[in-house]
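**Q** A structural model of the following input is requested.
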Amino acid sequence: MTTYLPTLKQLQYLVALNDAGHFGRAADACYVTQSTLSAGIRELETLIGVTLVERTRRVVRFTPLGERIADKARRVLREADELGEIARAAGRPLTGEMRMSVIPTIAPFLLPQILPQLRREYPDLKLFLREEPTGPACEALHSGRTDCVLLALPYACGEVEVEPLFADRLFVAFPQADTLPGSGPVMADDIDETRLLLLEDGHCLRDHALAVCATSELRGQAAMLGTSLHTIVQMVENGLGVTMLPEMAIGAGILRGTHIDARPIDAERAERRIALVWRKASPRERDFRLLAGVLRTAAAERTDQGR
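**A** As a prediction, the model looks like this:
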């Protein structure tokens, strides 16, 4: 008796549709036409003899069984990926494809200095980057859509391996026309919480900045307006308030050409910890630790050059 099994391609189409909730976006994610993706899912439904997706003109709705099968398909695809990872791990280090998610408050400030060195030292590594907030990045890690995440701690990313890289101090940035006490580090109590501009919810830097002051009053009054650090800097430049910036952003020149001063903050938790994380028991652990070493060394060299 012949048993016909779903193909990995069919499972990939199903998971992409479940993630996107839209045939067109799912097809784009799989680099196929919408008709190809739709046909693949219909073939899968015919093969297993059940309806997985309810189709209407406006809505794509998975059946309860479809949701269960899509979750199982994610695990199957992740394990299939690990077959290739096992083979790569047995060969030369840092070769082949690797998918890394990087949070927006790190990517534009650290990667331009680090990637050229990585390309020189490991030319056979094809590093595919995704810039996304910490929450979606951790979800992508656990679902198998990305292999590792470059993020800032503390953040609860689930059951992951963590390789710390370096500490990134937080600075208060304010218009040059403003006056703050003293000329050195700024005490947290001297920051005017009624004028504090932070990133919108979903960015872990917002929580790191609020933790510096650790007061419920500040958490309630802070104006969480910005969608990016560059937007926040423009708000400060126009006298709308003050903000907190990571040292790596300042070192990368985010304040260049502005009339904004920045001073370190004198507080117990006035820093975030940059780290590389990946799934526990990943067969590419050696690669990730090697990558972390390259990132750590390159960041240290960049810091030394900036002094």
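**Q** rest of the way, CA atoms for contacts and neighbours
**A** Fine.
**Q** what's the burial count for residue 294?
**A** 18 (other C-alpha atoms under 10 Å).
**Q** list the contacts for it?
**A** Listed by C-alpha atoms under 8 Å, 6 or more residues apart in numbering, the contact set of residue 294 reads residue 118.
**Q** and the helix or strand harbouring it, how far out from the chain's middle?
**A** Assigned by DSSP states H and E, residue 294 belongs to helix 285-306. Chain-centre distance of helix 285-306: 18 Å, with C-alpha atoms, centre = their mean, to the nearest Å.
**Q** how about that helix: buried residues?
**A** Within helix 285-306, the residues that count as buried by 16 or more other C-alpha atoms under 10 Å are 285, 287-289, 291-296, 298-299, 302.
**Q** and the least confident of the residues you listed?
**A** Lowest-confidence member of the buried residues of helix 285-306: residue 302, scoring 65 (pLDDT).
**Q** What's opposite residue 152 in the beta bridge?
**A** Counting by DSSP bridges, residue 152 is bridged to residue 274.
**Q** where does it land on pLDDT?
**A** Looking at residue 152, its pLDDT reads 94.
**Q** Just checking, which helix or strand of this protein averages the lowest pLDDT?
**A** helix 216-221 (a mean of 46; mean pLDDT, DSSP states H and E).
**Q** Got the confidence number for residue 272?
**A** For residue 272, pLDDT reads 93.
**Q** Can you list the buried residues in the helix or strand harbouring it?
**A** Assigned by DSSP H and E, residue 272 belongs to strand 271-279. Neighbour-count burial for strand 271-279, with 16+ other C-alpha under 10 Å as criterion, is recorded at 271, 272, 274, 275, 276, 277, 278, 279.
**Q** Okay, helices next: where are they in the stretch 101-250 of the chain?
**A** Per DSSP state H, counting those that start in this stretch, the stretch 101-250 of the chain carries helices over the ranges 107-121, 134-143, 204-213, 216-221, 229-237, 247-251.
**Q** What is the second one packed up against?
**A** Right, helix 134-143. helix 64-90, strand 148-153, strand 271-279 (3 or more C-alpha pairs under 8 Å, 6 or more residues apart in numbering; DSSP states H and E).
**Q** run the last query once more with 10 Å
**A** helix 64-90, strand 96-102, strand 125-131, strand 148-153, strand 160-175, helix 204-213, strand 271-279 (3 or more C-alpha pairs under 10 Å, 6 or more residues apart in numbering; DSSP states H and E).
**Q** Now the second one - C-alpha only, PDB.
**A** What it means is strand 96-102. Extracted C-alpha coordinates of strand 96-102, given in PDB (Å, rounded to 0.1, in the frame of the first residue of the first chain):
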ATOM      1  CA  GLY A  96      26.200  28.800   4.300                       C
ATOM      2  CA  GLU A  97      23.000  30.600   5.200                       C
ATOM      3  CA  MET A  98      22.100  32.200   8.500                       C
ATOM      4  CA  ARG A  99      19.100  34.300   9.400                       C
ATOM      5  CA  MET A 100      19.600  36.900  12.100                       C
ATOM      6  CA  SER A 101      17.000  39.200  13.500                       C
ATOM      7  CA  VAL A 102      18.200  42.500  14.900                       C
END
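**Q** Just the angle for that strand relative to helix 285-306, thanks.
**A** Strand 96-102 and helix 285-306 are oriented at 60 degrees to each other (axes from the mean of the first three to the mean of the last three C-alpha atoms, to 10 degrees).
**Q** tell me which residues in strand 96-102 are buried?
**A** 96, 98, 99, 100, 101, 102.
**Q** Just checking: what are the partner strands of that strand?
**A** Strand pairing (DSSP bridges) places strand 96-102 next to strand 125-131 (parallel), strand 148-153 (parallel).
**Q** Throw those into CSV and include mean neighbour count and distance to residue 180, thanks.
**A** As requested, the strands paired with strand 96-102 are arranged in CSV below (neighbours: other C-alpha atoms under 10 Å; distance: least, C-alpha to C-alpha, whole Å):
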stretch, mean neighbour count, distance to residue 180
strand 125-131, 15, 35
strand 148-153, 24, 28
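**Q** Identify whichever of those strands lies nearest to residue 73.
**A** Minimum separation from residue 73 across the strands paired with strand 96-102 (C-alpha to C-alpha) falls at strand 148-153, 20.5 Å.
**Q** Next one, pLDDT for the residue nearest to residue 146 when sequence neighbours are not counted please.
**A** In space, and not counting its chain neighbours, residue 146 is closest to residue 99: 5.0 Å by C-alpha to C-alpha, 6 or more residues apart in numbering. On the pLDDT scale, residue 99 is placed at 93.
**Q** what's the spacing between residue 99 and residue 294?
**A** To residue 294, residue 99 is 16 Å away according to C-alpha to C-alpha, to the nearest Å.
**Q** just to revisit the earlier point, would you reformat the helices of the stretch 101-250 of the chain as CSV and include distance to residue 84 and mean neighbour count?
**A** Converted to CSV, those look like this (distance: least, C-alpha to C-alpha, whole Å; neighbours: other C-alpha atoms under 10 Å):
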stretch, distance to residue 84, mean neighbour count
helix 107-121, 22, 15
helix 134-143, 17, 20
helix 204-213, 33, 21
helix 216-221, 46, 13
helix 229-237, 38, 19
helix 247-251, 35, 19
